[in-house]
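1. using only what follows, build the 3D model:
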Amino acid sequence: MLKFFCFIAPLLLIPSLLTSATLSNKHLLVDVEEETARIFISTIDGKEDVEGDERINLLFFDKPPSSYTVLYVHRDAITFGGERGIYIKRPVAIGDKIETIWEDKTVNVKQVVEFVKRKNTRTEDGVLITYTIKNISKYSRTVGLRILFDTSLGEKGIYHFELPTGEQIRYETEYLGDDQPRAWISKDTKRNPQHILRGVIRGELVTTPDKIVFANYKSLFENLFSYRIRRKRKFDYPPYSRNDSAIAMYFIPYYLYPGETREYSTILGLSGEEEYGEDVVEIIQIEEEPGVIEEIIEKPEEIKLKENIDLDLLNEELERIKRIRELIAEENRLMEEMNRILEIENNILKEEELNRLKEA
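-> Numbering: from 1, shown residues only. So this is what the prediction gives:
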C-alpha cells in the first residue's frame, strides 16, 4: 500500500489536531479536519474485552483525511467541504457533537458527528454521522450522496472485508437494494482479528443506501459517480495503488422542493452484533392521592360567556373562518396531488438509476 501510516495520539499536539475538532471517550477518538470537514476515527482503549486494540487507526490517516463525502446535485458531483462552496460553520465541537455547515448556491449541508450507544448495554463505542441537506435554490433539485470510507485494517490481512454471514471479500464487490448486508467488517486478520471496524448498513438509526461498493480507493476517488466494478480484480490499481481498499455508500438522488430537506445517517463502530439505538425511556406510574381526580371532576371550572355579544359580528367571523377552512382544504388537496406526482417521478428516477447500475 503506497500510503504513509501513523496513529494520532489524542493528547498529542500534532498539526492535524491544531486545525481540527475532536471528540473522545474511553473507547474512541473522532477527528473532523477544519479545512475539509473530513473524518478520521481511531481507538483509545478500544473494546473492554479485547486485548491490544488500544490506539488503532480504524480509518486511514492522512492530511487531510482520505475519507470524504460527495453530493449529487442535479446531475453534478460536488465534494462536501470543497472549494465550490463556503463554510457557514467550520467544524466545531459543541457539547458531545461536532457540527459543520457548508453550502453552495443550491444546497445547504449540515454534518453532525457524535458518539452513539449500544441499545441494551449502553456501551458508547459507535460514531453516528448525519448529513442534513436542504435545497436553498428557487427550483426543485435532485439530491443524492456518496459516502467514502478509506479503511486500513483489512489491508494488513488475508482478506479486506467480511460480512456478518462470514462471507469474505477479497475482490471488488457490490451489493444493491435488498441484497445489501446488515453490516460490513474491516479487521486485521493477520495480526489480530479482534481489531475490528464495523459499518452499519441496516439499523434503527441509519439510512440504508441504495448501493455499496468495495473497491480500490484510488479507483473510487477518480470516479465520483457510479463506479463499475471488475469482479475478479483485487484491491489494486497498478501502477499507482496496491492493496488499498475502501467502501463507497451510494444514495440515489431524489427531488427536493425549494426549502425541503433530506437526512442521511450511517454508523461506524467497534466489534459486536448488538445494535445501536436511542435510550430506553422508563415509564414510571405515579399513584394519585385518593379523591383528587374525583374532586376535579365534581367541581369543574365554570365557563361564562361575555354579555352583550354582537351576534352579527360573531356570525360574520364564523363565516370568515369557514371560508379559510375551505381554502385550507383545497390547498391540502393540491399538495396531496403534487406529492403523488412527485412520488411517481421519484419511483421512475430510482428505477431508471437501478437499471443503469445493473447494466453498468
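2. mean confidence for the biggest helix by length in the chain?
-> Longest helix of the chain, by residue count under DSSP state H: helix 311-359. For helix 311-359, mean pLDDT is 74.
3. which strands and helices sit next to that helix?
-> Packed against helix 311-359, as judged by 3 or more C-beta pairs under 8 Å, 6 or more residues apart in numbering; DSSP states H and E, are the following elements: strand 173-176, strand 245-256. Any C-beta I mention is one placed from the backbone N, CA and C, and that applies to glycine too.
4. deepest-packed of these, please.
-> Comparing the helices and strands packed on helix 311-359 by mean neighbour count (mean count of other C-beta atoms under 10 Å), strand 245-256 comes out on top with a mean of 23.
5. and it with helix 311-359, angle?
-> Counting by axes from the mean of the first three to the mean of the last three C-alpha atoms, to 10 degrees, strand 245-256 lies at 140 degrees to helix 311-359.
6. starting from the next helix or strand after strand 245-256, tell me which strands it pairs with and how they run.
-> Next in sequence after strand 245-256, counting helices and strands by DSSP states H and E, comes strand 261-269. Strand pairing for strand 261-269, determined by DSSP bridges: strand 126-135 (antiparallel), strand 192-200 (antiparallel).
7. buried sites along the helix or strand immediately after the first one in the chain?
-> Think strand 126-135. Following strand 126-135 in sequence order, the next helix or strand is strand 141-149 (DSSP H and E). By 16 or more other C-beta atoms under 10 Å, the buried positions in strand 141-149 come out as 141-149.
8. tell me what strand 141-149 is packed against?
-> Applying 3+ C-beta pairs under 8 Å, 6+ apart, we find strand 141-149 packed against strand 68-73, strand 126-135, strand 245-256, strand 261-269.
9. out of these, which gets nearest to Leu23?
-> Among the helices and strands packed on strand 141-149, strand 126-135 comes nearest to Leu23, with 8.5 Å by C-beta to C-beta.
10. buried residues in that closest one?
-> Buried positions in strand 126-135, judged by neighbour count with 16+ other C-beta under 10 Å: 126-131, 133-135.
11. closest to Arg233 out of the buried residues of strand 141-149?
-> Proximity of those to Arg233 (C-beta to C-beta) peaks at Leu148, which lies at 18.0 Å.
12. would you confirm that that closest one contacts Ile247?
-> Yes: with contact defined as C-beta atoms under 8 Å, Leu148 reaches Ile247; the gap is 7.5 Å.
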